[in-house]
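Asker: mind looking at a prediction? Sequence and model below.
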Amino acid sequence: MPEQRWTFHQELDEIRDEIVQLGALVREFIPRGTEVLLTGDMGGALDLIEADDELDALTLRIEENCYNVLARQQPMASDLRSIVTAVWLTGELERSGDLMVNVAKAARRIYGATLDPRLCGLIERMSEEAARLVSLSLDAYVERNASLGAALADIDDALDALHGDYIEAIFDAHSSSDLGLQPAVQLALVGRYYERIGDHAVNIGQRVQYMVTGWLPEQTGAARLRAREKFLTDGAQAPESGSAEGP
Amino acid sequence: MIADLVSLLSVLLAVAVVIAALVTRRRLRSRLTLGVERLGLDPAGADADALLSVIEKAVRDRTLDDQRDRSTIGRLQEALDTLTAAVLVVDASGAIVEHNIAAGGFIEARHTDALVGAAVNELLAEALAGRSAERTLELFGPPRRSVVITTRPLGVEGARCAVAIIEDVTERRRLEAVRTDFVANISHELKTPIGAISLLAETLQSEDDPEVAARLAGRIQTESYRVGRTIEDLLELSRIEIDESRVEEAVPLGALVREACERLGPAAEQAGVTLNCCGAEIVAAIHCDRRQLVSALTNLIDNAIKYSDAGAAIEVAVVLDPDEVVLSVTDHGIGIPARDLDRVFERFYRVDQDRSRTTGGTGLGLAIVRHVAANHSGTVEVDSRLGEGSVFRLRLPISIVAIPDPQPKED
């Protein structure tokens, strides 16, 4: 029995290492895709789009490993939460990688368009911020740091603010007729991709909170719903609606 | 009767003790013989004491050998730890059995190093299967890095194991790029205007229309001026590099800033850029080569003017710290992409070839600034954001040689 548990925990460690590898690959995609966009490097765009297959293969491998461990070891409590979190994380990370592939595809669509230096600067900054958020979310996961996981939502505000400035800069560049409508739309989508990567990092932070504490943000909303239903059936005082808060 | 019985029992007891001693001695001797044989020595004819001495000597020798081995291993480990390349050895199961300090960063690594770790594991698996392997990883970071991983199979006393060497070749690659780009750029910078002059002169020879001829002559003059400036900057750079004609004197910081700003005033006015020179009133002086520092500051301001739009402002400032003087030039121009920041101080390096051609720079200005900073044991650094502008800071670890006068007089 102790031998079996040792193997099980070794398997959990291996899954964690593979998630770290997947995260590192996604983290690397961010500056890589940004450079493709800013330099109009079509060779780099193709390389990045093809490298997504590597990401997909690794995602599948991790998921299969998770399902194998679930089926064979039937983990419970924190071990079960670790496996479930790993499955969630692969989805979040894989989607972040796909978003950078979308950036590379946008670079192809706007090939030849001259980008305003201010827009380029904001793209650089959004890219750095998105990469930082992915790194922090992975740190939270590896260190099982629920506090850092919870803080990611606030850290993401900086990226959201940059996204706002960026959209404004697109309007400015478009209205001064330096930027055509087609590139303007593509660039607006690019901004959205970076912003979504930040959101995925925030999701990872929430999943880390769940892994460590067993709490999910949706539980606050679910508790409110139960209270409202109770009010309707028992006539108790109705709870105030509000945003999801931590435990 | 009882006395006889007691003496008989005593005799029997004594005999038993003697027999037990003999048996113990024989057992001890046989164990000692076995031990001596295991040590590879000949036990024939030796008694127990002699065998014991042989064993004691062998143990002493072995202990000395072990100490020597341990110190050899320690020295080798120390030598490995001094390497900048990461070295790690794995056994047949892939478990790490030896590694140096540099390799520590790749074990249980995160982020970019996790990708290096994954590639190392993959190549070590090949090495354990008996195949040497090598791979270069281009990592975007930041910072951008080039890492070469080499793995080789090892056979230590029949047991299969493998070694991996991880080397960061970023700096080596950068220096190679600097060298090859310099040769290509210098040939381009000198050959392009000379080619244009030759072509224009050829056209001028067969041109009868005086208006066209005047235009061609004007172009020849522009191109000649351009090549002349490049050669002038190259000579200036060479002088600063050699640092032979350096004249150290006490130069008031305010005068330094004023001189550079006055030189570039007309250029700024022509470009419609406002030049704000803060610190022109500072009378504190530093020991430096006045010509070199004015040249560096002029180059920084000139660059700022070239890459600023009309209506923008440029700030030149001096900060006096206890152990250094910082001369900064801030512009709100187009800025420099993050990927080019490491290379802007190279000779002839151009962020944007097309724009450089229209602004008319030689591509040597920032290289001159870097050399001036180095000649004064200082550094030059840049912070920049595309579309927001740049700040160049010339940091000189020079102490002030004159205390500012509370009521400065006009020069």
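Answerer: It's in.

Asker: give me the three-state assignment for B:Glu207.
Answerer: Using DSSP: H, G, I helix; E, B strand; the rest coil, the three-state assignment for B:Glu207 comes out as coil.

Asker: buried ones in stretch A:85-101?
Answerer: A:85-90, A:92-101 (16 or more other Cβ atoms under 10 Å in any protein chain shown). (Glycine included, C-beta is placed from N, CA and C.)

Asker: kindly report the same for stretch B:124-137.
Answerer: B:Leu124, B:Ala127, B:Leu128, B:Ala133, B:Leu137.

Asker: which stretches of the stretch 301-411 of chain B have low pLDDT?
Answerer: B:353-360, B:401-411 (pLDDT under 70).

Asker: how about the residues of it by chain A?
Answerer: B:Ile334, B:Gly335, B:Pro337, B:Ala338, B:Arg339, B:Arg385, B:Leu386, B:Gly387, B:Glu388 (Cβ under 8 Å from any Cβ of the partner chain).

Asker: related to what we said a few turns ago, for B:Ile197, state which of the buried residues of stretch A:85-101 is nearest.
Answerer: Using Cβ to Cβ, A:Met100 comes nearest to B:Ile197 of the buried residues of stretch A:85-101, at 48.2 Å.

Asker: my read is that that closest one contacts A:Val26, right?
Answerer: Yes - contact criterion Cβ atoms under 8 Å: A:Met100 and A:Val26 qualify, at 7.5 Å.

Asker: report the buried residues of the one helix or strand B:Arg239 maps to.
Answerer: Following DSSP states H and E, one finds B:Arg239 within helix B:210-242. Neighbour counts using 16+ other Cβ under 10 Å place B:216, B:219-220, B:223, B:226-227, B:230, B:233-234, B:236-237, B:239-240 of helix B:210-242 among the buried residues.

Asker: among those, which two are most distant?
Answerer: Farthest pair in those, by Cβ to Cβ: B:Leu216 and B:Ile240, 36.3 Å.

Asker: any regions of chain B where pLDDT drops low?
Answerer: For chain B (pLDDT under 70), the answer is B:39, B:41, B:43-48, B:156-159, B:244-245, B:353-360, B:401-411.

Asker: show me where it has its helices.
Answerer: B:2-38, B:48-82, B:101-104, B:111-128, B:170-205, B:210-242, B:253-271, B:290-306, B:353-359, B:365-375 (DSSP state H).

Asker: could you pull out the helices in chain A for me?
Answerer: Using DSSP H, helices in chain A cover A:2-39, A:42-73, A:77-109, A:117-142, A:146-175, A:181-213, A:218-234.

Asker: and the fifth one with helix A:117-142, angle?
Answerer: Going back to what we said before, that points to helix A:146-175. Angle, helix A:146-175 to helix A:117-142, by axes from the mean of the first three to the mean of the last three Cα atoms, to 10 degrees: 160 degrees.

Asker: and helix A:146-175, what does it pack onto?
Answerer: helix A:117-142, helix A:181-213 (3 or more Cβ pairs under 8 Å, 6 or more residues apart in numbering or on different chains; DSSP states H and E).

Asker: next one: the second one
Answerer: Here helix A:42-73 touches helix A:2-39, helix A:77-109, going by 3+ Cβ pairs under 8 Å, 6+ apart.

Asker: give the other helices and strands that the last one contacts.
Answerer: Read that as helix A:77-109. helix A:2-39, helix A:42-73, helix A:117-142, helix A:181-213.

Asker: looking at the ones you listed, which is buried most?
Answerer: Scoring the helices and strands packed on helix A:77-109 by mean neighbour count under mean count of other Cβ atoms under 10 Å in any protein chain shown gives helix A:117-142 as the most buried, with a mean of 23.

Asker: buried stuff in the worst-scoring helix or strand of chain A on mean pLDDT?
Answerer: Across the helices and strands of chain A, mean confidence by mean pLDDT, DSSP states H and E is lowest for helix A:218-234: a mean of 83. Buried residues in helix A:218-234, counting neighbours by 16+ other Cβ under 10 Å, are found at A:Thr220, A:Arg224.

Asker: just the CA trace of it, in PDB.
Answerer: What follows is helix A:218-234, C-alpha atoms only, in PDB (Å, rounded to 0.1, in the frame of the first residue of the first chain):
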ATOM      1  CA  GLU A 218     -19.400  30.200  -8.200                       C
ATOM      2  CA  GLN A 219     -20.200  29.000  -4.700                       C
ATOM      3  CA  THR A 220     -21.100  32.500  -3.600                       C
ATOM      4  CA  GLY A 221     -23.700  32.900  -6.400                       C
ATOM      5  CA  ALA A 222     -25.000  29.400  -5.700                       C
ATOM      6  CA  ALA A 223     -25.400  30.300  -2.000                       C
ATOM      7  CA  ARG A 224     -27.400  33.400  -3.000                       C
ATOM      8  CA  LEU A 225     -29.600  31.400  -5.300                       C
ATOM      9  CA  ARG A 226     -30.300  28.900  -2.500                       C
ATOM     10  CA  ALA A 227     -31.100  31.700  -0.100                       C
ATOM     11  CA  ARG A 228     -33.500  33.300  -2.600                       C
ATOM     12  CA  GLU A 229     -35.300  30.000  -3.200                       C
ATOM     13  CA  LYS A 230     -35.500  29.500   0.600                       C
ATOM     14  CA  PHE A 231     -37.100  33.000   0.800                       C
ATOM     15  CA  LEU A 232     -39.700  32.100  -1.800                       C
ATOM     16  CA  THR A 233     -40.600  28.900  -0.100                       C
ATOM     17  CA  ASP A 234     -40.300  30.000   3.600                       C
END
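
Asker: next, the angle helix A:181-213 makes with that helix.
Answerer: Using the same axes, to 10 degrees: helix A:218-234 against helix A:181-213 is 80 degrees.

Asker: wait, A:Arg61 touches A:Ile19, no?
Answerer: No - A:Arg61 is not in contact with A:Ile19 according to Cβ under 8 Å; the separation is 11.0 Å.

Asker: where does the prediction get shaky in chain A?
Answerer: In chain A (pLDDT under 70), the answer is A:1-6, A:235-247.

Asker: rerun that using 90 as the cut-off
Answerer: In the predicted model of chain A, residues A:1-11, A:72-79, A:112-118, A:172-182, A:214-247 satisfy pLDDT under 90.

Asker: centroid-nearest residue for it?
Answerer: A:His200 (2.2 Å; Cα atoms, centre = their mean).

Asker: one more: chain B?
Answerer: Geometric middle of chain B (Cα atoms, centre = their mean) lands on B:Glu171, at 5.9 Å.

Asker: show me the contacts for the closest residue to chain A within the stretch 151-300 of chain B.
Answerer: Going by Cβ to the nearest Cβ, chain A is nearest to B:Thr170 of the stretch 151-300 of chain B, at 14.9 Å. Under the criterion of Cβ atoms under 8 Å, 6 or more residues apart in numbering or on different chains, the neighbours of B:Thr170 are B:Pro143, B:Arg144, B:Arg145, B:Ser146, B:Val147.

Asker: what of B:Arg395?
Answerer: The contact partners of B:Arg395, by Cβ under 8 Å, 6+ apart, come to B:Glu324, B:Val325, B:Val326, B:Ala373, B:Gly378, B:Thr379, B:Val380, B:Glu381.
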